[in-house]
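Asker: need coordinates for the following:
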Amino acid sequence: MDSTSEPIEEGALQAYLEGERLPHVVEAIASSPQLQAQLEILARANERLHALAPQTVIPNSQDLVDVAAGQATARQQLRVAAYLRLSAAGRARMAYLLESQRAQRQGAPTLFLATPPVAAGATKGEREGDRGGAVLVSAELAAHVVVRIQPVAAGLWRLRGYLEQRGEPLGATVVVLRTPDGRRRTRTTDDGGFFAFERLPAGSYHLRIRLDAGVLLTPPIMLGDAQ
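Answerer: Numbering: from 1, shown residues only. Okay, the predicted model is just below:
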């Protein structure tokens, strides 16, 4: 890896194992046998943690985000503390999250990770092509977002979505899309709660939607070859 490149911390590698494909991390791993070996060691360490301490519940991403943001319940804190005592990878991941929190500390709202429900059936949508899609739910915000990916041209994609809170569509709400290169694109939902981002290249994207009670974050949304 070029000495002038952005250094890749172990926490970023743990995030990679959890499915977050940041372009600079993917590129660094692809070009560095040392990072590839480190990634393999980290993956085996996670497997050993399961084998050696099956009674330890490995916290999910929302648990770690909540602890890093100082908004965790007592049960979450205990679960994360037990995990961090056993896992060097977990400690690196927590350090990575804490650093991210410090970077956005000023006036930062409460963060909630939206995740797929246990069972996702048909989803709302009034426009042709907007029915169905991946459902991501934040119980804390009583909100969910439906995401549908459609190819529009060679190597380009459309991301359409529908936003709802407490059973009602959320209009006039700003939706921020973080692109693979770290930039942000914004859209505002229409009266029906719909939004769309056009002509997106393949890669890993995230949605961030600020609501009154906090910010809804999505896990990585993979387009194209990243799917």
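Asker: now the element after the host helix or strand of A15, going C-ward?
Answerer: Here A15 sits within helix 10-17, counting by DSSP states H and E. Going down the chain from helix 10-17, the next helix or strand is helix 23-31, by DSSP H and E.
Asker: can you tell me which helix or strand of the chain has the lowest average pLDDT?
Answerer: Within the chain, no helix or strand scores below helix 88-103, which has a mean of 67 by mean pLDDT, DSSP states H and E.
Asker: domain map for this protein?
Answerer: Per automatic domain parsing, the domain ranges recorded for the chain read 10-103, 111-226.
Asker: what's the spacing between R79 and R158?
Answerer: With distances taken as CB to CB, to the nearest Å, R79 is found 39 Å from R158. (C-beta placed from N, C-alpha, C; glycine too.)
Asker: who's more crowded, these two?
Answerer: R79 (20 against 17; other CB atoms under 10 Å).
Asker: Three-state assignment for A172, please.
Answerer: coil (DSSP: H, G, I helix; E, B strand; the rest coil).
Asker: list the buried residues for stretch 152-167?
Answerer: Neighbour counts over stretch 152-167 (16 or more other CB atoms under 10 Å) mark 157-165 as buried.
Asker: can you lay out those as a markdown table showing pLDDT and distance to G203?
Answerer: A markdown table is the format used below for the buried residues of stretch 152-167 (pLDDT from 0 to 100; distance: CB to CB, whole Å):
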| residue | pLDDT | distance to G203 |
| --- | --- | --- |
| W157 | 89 | 9 |
| R158 | 90 | 14 |
| L159 | 91 | 11 |
| R160 | 91 | 17 |
| G161 | 91 | 17 |
| Y162 | 91 | 22 |
| L163 | 92 | 22 |
| E164 | 91 | 26 |
| Q165 | 90 | 28 |
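Asker: quick check: the farthest pair among these?
Answerer: W157 and Q165 (26.2 Å; CB to CB).
Asker: run the chain-centre distance for stretch 180-196.
Answerer: What separates the centre of stretch 180-196 from the centre of its chain is 16 Å, taken as CA atoms, centre = their mean, to the nearest Å.
Asker: pLDDT of that stretch, averaged?
Answerer: Average pLDDT, stretch 180-196: 89.
Asker: that stretch: end-to-end distance?
Answerer: This stretch, stretch 180-196, spans 17 Å end to end (CA to CA, to the nearest Å).
Asker: what comes up buried for that stretch?
Answerer: Judged by neighbour count using 16+ other CB under 10 Å, the buried positions of stretch 180-196 are 180, 187, 189, 192-196.
Asker: fine by me, we can end here.
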